[in-house]
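Engineer: no FASTA, just this:
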């Protein structure tokens, strides 16, 4: 079984995935580790935005050469590291998600920060998360994706009320929680035993 942790940049994906993987039954998979490792370090005189633009162009160039490269790299991890459960920290493209996600047995978790207006991100990053979420809506509406396999958490990264909790959603399970820590706690309780 795979659990995909999805969300916009700086939504807490890595924190959630690593917290879940404190349970030794779960194997942490960084969905973009391979691409980060294939790119250079930031130059000392390079502004962060210039570096990020160059990094995104690097990703695009890699994917132009092989549209399934990211999915293949993640798939190799499943072949080399045996685990009953994998927690995948983000994926590079919606295509990767569609290729790797098995709606009959996998889980998907979307993290939605309510305080991310100032977080700088590319338009395609925002759109990519929306496309993956819309794909889940389509599968759910078609009766393919069970509600229990699709969780969403709406929260503030800091300063939230940890006791705030509301469960809703007809096609998915949406939790409105006060903090990322509360989302992690609920997720840990939701994991297969």
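Structural biologist: Great, that's in hand. Being a predicted model, the structure only gives us computed values, none of them experimental.
Engineer: distance check, residue 125 against residue 43.
Structural biologist: Separation of residue 125 from residue 43 (Cβ to Cβ, to the nearest Å): 23 Å. In this view, the C-beta of every residue, glycine as well, is placed from N, C-alpha and C.
Engineer: looking at the two, which is more packed in?
Structural biologist: residue 125 (14 against 10; other Cβ atoms under 10 Å).
Engineer: are we agreed that the more buried one is in a helix?
Structural biologist: Yes - counting by DSSP: H, G, I helix; E, B strand; the rest coil, residue 125 is part of a helix.
Engineer: following the lowest-mean-pLDDT helix or strand in the chain, which helix or strand comes up?
Structural biologist: Lowest on mean pLDDT, DSSP states H and E among the helices and strands of the chain sits strand 165-168, with a mean of 67. Sequence-wise, the next helix or strand downstream of strand 165-168 (DSSP states H and E) is strand 173-177.
Engineer: what pairs with that following strand, parallel or antiparallel?
Structural biologist: Applying DSSP bridges, strand 173-177 is found paired with strand 150-155 (parallel), strand 165-168 (antiparallel).
Engineer: count the residues that sit near residue 37.
Structural biologist: Residue 37: 8 neighbours (other Cβ under 10 Å).
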